[in-house]
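Novice: Build the 3D model from these lines:
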Amino acid sequence: EGVGGGDSPVALYETEDGERGILAAGPLAAKQVLAAVPLRLAIKDYDTAPISHLVYPGAPWSVRLAAQLMSLRRQAATPWAPYLAVLPKSVP
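Specialist: This is a model prediction of the structure:
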């Protein structure tokens, strides 16, 4: 079972500019799972992450995740390097 498979509710798309994403391949049911990512394959924002010392107590997930991304960018060898390379250097 995968994206774009015979019974997949979503399909991949790519624009002329190279942007990519997923879209509904047909009617969707309420609460239907469209995609799932195992936690072991995700960048996490959890409270005990190695960046806990960089954020204030009670920081929202967005702040913790931003700190995690900045920390990963400083690492010379990280499996996240290809992903980090396509992220914007700044956000307006």
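Novice: just the helices in the chain please.
Specialist: For the chain, the helices defined by DSSP state H cover 61-73, 81-86.
Novice: Switch the ones you listed over to CSV; also include mean neighbour count.
Specialist: Any C-beta I mention is one placed from the backbone N, CA and C, and that applies to glycine too. Compiled in CSV, the helices of the chain are given as follows (neighbours: other Cβ atoms under 10 Å):
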stretch, mean neighbour count
helix 61-73, 16
helix 81-86, 10
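Novice: So which of the ones you listed is nearest residue 53?
Specialist: With respect to residue 53, and counting by Cβ to Cβ, the nearest of the helices of the chain is helix 61-73 at 9.4 Å.
Novice: Can I get that closest one in CSV, CA atoms only?
Specialist: What follows is helix 61-73, C-alpha atoms only, in CSV (Å, rounded to 0.1, in the frame of the first residue of the first chain):
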residue,chain,number,x,y,z
TRP,A,61,5.9,22.7,19.5
SER,A,62,6.7,25.2,16.8
VAL,A,63,9.5,26.8,18.9
ARG,A,64,10.9,23.3,19.8
LEU,A,65,10.8,22.2,16.2
ALA,A,66,12.5,25.3,15.0
ALA,A,67,15.3,24.8,17.6
GLN,A,68,15.6,21.2,16.5
LEU,A,69,15.9,22.2,12.8
MET,A,70,18.6,24.8,13.7
SER,A,71,20.5,22.2,15.7
LEU,A,72,20.4,19.7,12.9
ARG,A,73,21.6,22.4,10.4
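Novice: Show me how far it is from its chain's centre.
Specialist: 12 Å (Cα atoms, centre = their mean, to the nearest Å).
Novice: list the helices and strands it packs on?
Specialist: helix 81-86 (3 or more Cβ pairs under 8 Å, 6 or more residues apart in numbering; DSSP states H and E).
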